[in-house]
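Q: sequence below, structure please.
(one chain, ligands or ions: 2)
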Amino acid sequence: MPAGKPVIEAKDVFRAFIARADHGKRYPILALQDANLAIEKGEFVSFVGPSGCGKSTLLNMVAGIFQPTAGEILYKGKPVTAINTDVGYMTQDDNLLPWRTLRDNVEVALEFQGMPAAQRHERAAEYIAKVGLCGFENHYPHELSGGMRKRCALVRTLIYEPDIILMDEPFGPLDAQTRVILQDELLKLWDGTGKTIVFVTHDLVEAIALSDRIVLFSRAPGRIKQIYKVPLSRPRDVFHIHAEPEFPAFFDQLWRDLKEEITEVELRAK
Ligand SMILES: Nc1ncnc2c1ncn2[C@@H]1O[C@H](COP(=O)(O)OP(=O)(O)OP(=O)(O)O)[C@@H](O)[C@H]1O
Ligand SMILES: [Mg+2]
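A: Ligands and ions are numbered 1, 2, ... in the order given. The predicted model follows:
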């Protein structure tokens, strides 16, 4: 893990929301409490925890979409008080623009940056090839499979080379096989770039396969319960991660700690 000053820091962060009950009555919800976390440049960190424990809330504050109710989020030592343009955010919903082709979706951020068309097309072609989507450039999102859409959303985020990449359950709805293939592609795209990735997942095996560290949140109102260093070396073979000698004991420990935070109802659904 690279040493140095953290690129992202959460210091004593609380975030509350005002929710609406029947008849327009308002009541407060504490989404996240007392979160402290420091992420180094180049780290791959995953957030795991029960539903509603504040994982997306913390990502949104790192992106600068909203601010903490108390405490601070720092990016390179400075408080994040507006949208952080050094951040690329791959949200749970892929948000591809249905009226644009795959190529035009991939290029959208470069277009906003004012990059000339020829240069844009060249960069897009390079990224589209990296994820094996050559030949589909002129397809519209509804003409792509779920895995292809995720690949498109992934390269659309990576193409403008943000320093920090936030990924909120990016492979959630995919079948197990496509998921592992995309995990492998993500690690290959990330390897050697020095980019920092913060990744949210409900899948402990995915978190172990990808991450340097894993942050476990408690049940709502969420707090950071434990931070683990993943005891596996790199490069990782995501297809055979279960076969790594350190895997079983680490997985069991994580699952034991997570299970304490999951309600009986959620456990029955797993
Ligand atoms: N904009 C908002 N307005 C009101 N309440 C919100 C808002 N955003 C989040 N919350 C509430 O904050 C809590 C934490 O939500 P958050 O989306 O961070 O959970 P999460 O850990 O990402 O859950 P999941 O795993 O289900 O995605 C929830 O109770 C949620 O209803
Ligand atoms: Mg979420």
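
Q: wouldn't V155 be in contact with K130 here?
A: Yes - at 6.9 Å, V155 counts as touching K130 under the criterion of C-beta atoms under 8 Å. Yep, even glycine has a C-beta here, placed from its N, CA and C like the rest.

Q: and these two? which has more neighbours close in?
A: A side-by-side neighbour count of V155 and K130, using other C-beta atoms under 10 Å, places V155 first with 23 against 17.

Q: the more buried one: what secondary structure?
A: Under the three-state scheme (DSSP: H, G, I helix; E, B strand; the rest coil), V155 adopts helix.

Q: host element of the nearest residue in space to it that is not next to it in sequence?
A: In space, and not counting its chain neighbours, V155 is closest to Y127: 4.1 Å by C-beta to C-beta, 6 or more residues apart in numbering. Assigning secondary structure by DSSP states H and E places Y127 in helix 117-130.

Q: strands along the chain, start to end?
A: Taking DSSP state E as the test, the strands found in the chain are 6-20, 26-40, 44-48, 70-75, 78-79, 87-90, 164-168, 196-200, 213-217, 224-229.

Q: how far away from the center of its chain is the fifth one?
A: Strand 78-79 sits 21 Å away from the centroid of its parent chain (C-alpha atoms, centre = their mean, to the nearest Å).

Q: need the contact partners of it.
A: Strand 78-79 has contacts (C-beta atoms under 8 Å, 6 or more residues apart in numbering) with E72, I73.

Q: partner strands of that strand and their direction?
A: Based on DSSP bridges, the pairing partners of strand 78-79 within the sheet are strand 70-75 (antiparallel).

Q: report the buried residues of the partner strand.
A: Using 16 or more other C-beta atoms under 10 Å as the test for burial, strand 70-75 gives G71, E72, I73, L74, Y75.

Q: next, the angle from it to strand 164-168.
A: Regarding strand 70-75 and strand 164-168, their directions subtend 120 degrees when assessed with axes from the mean of the first three to the mean of the last three C-alpha atoms, to 10 degrees.

Q: and the pLDDT at the residue of the stretch 101-250 of the chain found nearest ligand 1?
A: Taking C-beta to the nearest ligand atom as the measure, the point where the stretch 101-250 of the chain comes nearest ligand 1 is A220, at 5.7 Å. pLDDT, A220: 90.

Q: dump the residue contacts of it.
A: A31, P50, G52, C53, G54.

Q: now do the contacts for G222.
A: Taking C-beta under 8 Å, 6+ apart as the definition of contact, the neighbours of G222 are A31, L32, Q33, A35, G49, G52, C53, G54, K55, T57.

Q: is it bridged to anything, and to what?
A: Bridge pairing for G222 (DSSP bridges) gives the partners L32.

Q: how close does it get to N84?
A: G222 is 22 Å from N84, where distance means C-beta to C-beta, to the nearest Å.

Q: do the same with K259
A: Counting by C-beta to C-beta - K259 and N84 are separated by 34 Å.

Q: between those two, which is the more surrounded one?
A: The neighbour comparison of K259 against N84 (other C-beta under 10 Å) goes to N84, with 22 against 12.

Q: what backbone torsions are found at the closest residue in space to that one that isn't next to it in sequence?
A: Taking C-beta to C-beta, 6+ apart as the measure, N84 lies nearest to G64, with 4.2 Å between them; neighbours along the chain are not counted. Its backbone dihedrals place G64 at phi 80, psi 20, with angles given as degrees, to the nearest 10.
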